[in-house]
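A.B. asks: Structure, please.
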Amino acid sequence: MIQRRLALSFILILAILWVPLAAEAQPKAKIPVIGILGGVDPASGGWKAFRLGLRERGYVEGENIVLEWRFHQGKVERAPALAEELVRLKVDVIVTFSMPVIRAVKQATGTIPIVMANSFDPVGAGLVTSLARPGGNVTGMAEMATELVGKRVELLREAVPGVSRLAVLLG
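C.D. replies: Okay, the predicted model is just below:
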């Protein structure tokens, strides 16, 4: 009876010790890498807001997320080479904006997800099939997509029933 208790105690102790050893043997979680391709450096206001949004969601640069910054410094013709560089780095997602840069990234990869931070008409530009079902690897926000113009006018008429003329200023 005592030998049986000793054997059970030994097995229990091994099981208790095994749990931390097994946990240490687990591979470390992969830290996601976001590739960012823009025109201006990360000290600018828009990118500060981007970093703040990540931080509010628990992502801290250098701790649990890596940001790979690439900037064409106003020379959009550099975008294809910078996009290829991010693809070679095997980033998990690429964030970008402006139609020529989005096109350059789309030409560089058909597999890495591309998030458009701002696009005028991604459907008309051939970047996505539709806003409801973009298809492919491009998604994101569209500022003034032609598909939404009718809906915006409809919403405006509901909000201001007496409106008879409408003017749109674009900057």
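A.B. asks: So residue 59 sits against residue 67, correct?
C.D. replies: No: using C-beta atoms under 8 Å, residue 59 is not in contact with residue 67; the gap is 9.3 Å. Glycine gets a C-beta too; all of them are placed from N, C-alpha and C.
A.B. asks: In stretch 41-53, which residues are buried?
C.D. replies: Going by neighbour count (16 or more other C-beta atoms under 10 Å), the buried part of stretch 41-53 is 47, 50.
A.B. asks: Quick one: mean pLDDT for that stretch?
C.D. replies: Mean pLDDT, computed over stretch 41-53, is 76.
A.B. asks: more neighbours, residue 59 and residue 67?
C.D. replies: Just comparing residue 59 and residue 67: by other C-beta atoms under 10 Å the higher neighbour count belongs to residue 67, 19 against 16.
A.B. asks: Regarding that one, what is its secondary structure?
C.D. replies: With DSSP: H, G, I helix; E, B strand; the rest coil as the basis, residue 67 sits in strand.
A.B. asks: change the start of the numbering to 51 and stick with it
C.D. replies: Will do, 51 is the new start, and the previous item becomes residue 117.
A.B. asks: Dig out what it forms beta bridges with.
C.D. replies: residue 84 (DSSP bridges).
A.B. asks: pLDDT score for it?
C.D. replies: So, for residue 117, pLDDT stands at 90.
A.B. asks: State whether it and residue 84 are indeed in contact, as I suppose.
C.D. replies: Yes: Residue 117 is within contact range of residue 84, at 5.3 Å (criterion: C-beta under 8 Å).
A.B. asks: Please enumerate the strands of the chain.
C.D. replies: Applying DSSP state E to the chain gives strands spanning 83-88, 116-121, 143-147, 164-168, 188-190.
A.B. asks: What is the neighbour count of residue 118?
C.D. replies: 15.
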